[in-house]
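> Next one to model:
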Amino acid sequence: MSTTRTDDDTWDIATSVGSTAVLVAAARARETEQPDPLIRDPYARILVEGAGTGMWEHFLDDSLAGKLADAEPEAAAMFGHMLNYQAVRTHFFDAFFAEAVAAGVRQIVILASGLDSRAYRLDWPAGTRVYEIDQPLVLEYKADKLAAHDVQPVVERREVPVDLRQDWPAALKAQGFDPAQSTAWLAEGLLMYLPADAQDRLFELVTELSAPGSRVSAEAVGHHSEERREEMRERFEKFADQLGIERTIDMQNLTYNDPDRADLTEWLNAHGWQATGQRAVDEMRRLGRWIDVPMADDPDAFATFVVAQKA
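Numbers count the residues shown, from 1 in each chain. Got it, this is the predicted structure:
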């Protein structure tokens, strides 16, 4: 079971926050292999299969949905919802980058990139440069695993192996980042792993580094009651035990549920950006991927996809 976060914790691809990147990649792999996929990530399965034993293996098990439906229909709905959410989230941020480069942006920064394979799979215009910031061991694993399968980036990709709690702007600039150029920033699957003050500081730095015309998109999260968090933990443990799934990840311990967390759309609009927020619920419904789940009545249970442009 994962331990509680600390200010100086670190991880590789199979531990702590790193393991959640493998779960996301597993969801992308499963979506890619569906008859009519919303997104296509041909490298996700390669990255998952090299990560060792973990919960992610069950995501790739084609028989799991049937087992869940037989054992507990509610669990089947939760599982389907989780997979759909990851597909919709990936689709949304893929579109964000497509719109950014169509507008002429050629400098891309993916914060806490994890097993993101966009530098390998998206259609980037000539002259684009993609910077990936993450823990050194995470970046090393991804590059080595894909290279071993003769998979190379389709764009100029530059690694920035640094923890976002350290001086990442200096590390980014050292890799050639130019603050005078407009940039498209992505914070996908990141903010829930930061306390409220760290989220503010992150976007203060992004703002300082962003030339006019820059864009940013993020998965923004709200505050959940402790009762709701405990209810979700108990529900997950029940389903895992029914199916014999080892509970190696405790999301409640890995994430920060800070009641003082700023509303990101409001924060950006107050700091020189023009921002809008699209509720994940609405985006899932728009794409026909919504499944009613137990927390459907909780307005804070789902993320908001934020997009902003610097004036």
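
> Going by C-alpha atoms from here, please, whenever you check contacts or count neighbours.
Noted.

> Now do the helices in the stretch 51-200 of the chain.
Along the stretch 51-200 of the chain, counting by DSSP state H, counting those that start in this stretch, helices occupy 56-59, 64-71, 73-102, 118-121, 136-148, 168-174, 196-209.

> Might you list the low-confidence residue ranges for the stretch 101-250 of the chain?
Within the stretch 101-250 of the chain, the stretches with pLDDT under 70 are 223-233, 235-236, 238-250.

> now with 80?
222-250 (pLDDT under 80).

> OK, contacts around the closest residue to Gln107 other than its chain neighbours?
Leaving aside its sequence neighbours, Gln107 sits nearest to Thr183 (CA to CA, 6 or more residues apart in numbering; 4.8 Å). Residues near Thr183 by CA atoms under 8 Å, 6 or more residues apart in numbering: 105-109, 210-211, 213-215.

> quick one on the thing from earlier: can you put the helices of the stretch 51-200 of the chain in a markdown table and add distance to Glu31?
Output for these, formatted as a markdown table (distance: least, CA to CA, whole Å):
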| stretch | distance to Glu31 |
| --- | --- |
| helix 56-59 | 10 |
| helix 64-71 | 13 |
| helix 73-102 | 7 |
| helix 118-121 | 15 |
| helix 136-148 | 19 |
| helix 168-174 | 32 |
| helix 196-209 | 30 |
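
> I'd like to know which of these is closest to Gly288.
Of all the helices of the stretch 51-200 of the chain, helix 73-102 sits nearest to Gly288, with 9.5 Å by CA to CA.

> What separation do you get for the residue nearest to the spatial centre of the chain and Glu237?
Compute the mean C-alpha point of the chain, and by CA atoms, centre = their mean the closest residue is Gly189, 2.7 Å away. Distance of Gly189 to Glu237, given as CA to CA, to the nearest Å: 22 Å.

> And the residue nearest to Gln107, how far from Glu99?
12 Å.

> Over to the closest residue to Asp116 other than its chain neighbours: give its phi and psi.
Excluding its sequence neighbours, the residue lying closest to Asp116 (CA to CA, 6+ apart) is Ala25, at 7.7 Å. When read as degrees, to the nearest 10, the backbone of Ala25 gives phi -60, psi -40.

> which residues does Ala25 contact?
Listed by CA under 8 Å, 6+ apart, the contact set of Ala25 reads 44-45, 47-48, 115-116.

> I'd guessed Thr304 sits against Ala275; true?
No: when contacts are counted by CA atoms under 8 Å, Thr304 is not listed as touching Ala275 (11.9 Å).

> So which of the two has more stuff around it?
More neighbours surround Thr304 than the other of Thr304 and Ala275, with 23 against 20 (other CA atoms under 10 Å).

> Could you pull out the strands in this structure for me?
Counting by DSSP state E, the chain has strands at residues 107-111, 129-134, 156-161, 183-187, 215-220, 273-279, 304-310.

> So in that sheet, which strands flank the second one, and in what orientation?
Partner strands and pairing direction for strand 129-134 (DSSP bridges) are strand 107-111 (parallel), strand 156-161 (parallel).

> Pull the residues that contact it.
For strand 129-134, contacts defined as CA under 8 Å, 6+ apart pick out 106-114, 119, 155-164, 172.

> repeat that for 10 Å
18, 105-116, 118-119, 124, 139-140, 153, 155-164, 168, 171-172, 175-177, 183-186 (CA atoms under 10 Å, 6 or more residues apart in numbering).

> same check, this time on the first one
Taking CA under 10 Å, 6+ apart as the criterion, the residues outside strand 107-111 that touch it are 97, 100-101, 116, 118-119, 127-134, 157-158, 160, 163-164, 168, 172, 177-179, 181-190, 202, 206, 214-216, 218.

> and with 7 Å instead?
For strand 107-111, contacts defined as CA atoms under 7 Å, 6 or more residues apart in numbering pick out 128-134, 182-187.

> likewise the last one?
With contact meaning CA under 7 Å, 6+ apart, strand 304-310 is reached by 212-221, 265, 272-280.

> Buried residues in it, which are they?
Across strand 304-310, burial judged by 16 or more other CA atoms under 10 Å covers 304-310.

> Over to the fourth one?
For strand 183-187, the buried set under the neighbour-count rule, 16+ other CA under 10 Å, comprises 183-187.

> what's the answer for stretch 273-283, then?
So stretch 273-283, judged by 16+ other CA under 10 Å, has buried residues 273-278, 280-281, 283.

> What of stretch 209-228?
209-224.

> Leu83: which of those residues is nearest?
Using CA to CA, these come closest to Leu83 at Glu219, 16.1 Å.

> my guess is that closest one meets Leu186, correct?
No: assessed by CA atoms under 7 Å, Glu219 is found out of contact with Leu186, at 8.7 Å.

> what do those two both touch?
Common neighbours of Glu219 and Leu186 (CA under 7 Å, 6+ apart) do not exist.

> before we move on, back to that, list buried members of the contacts of strand 129-134 by neighbour count.
Counted by 16+ other CA under 10 Å, these give 18, 105-116, 118-119, 124, 139, 153, 155, 157-164, 168, 171-172, 177, 183-186 as buried.
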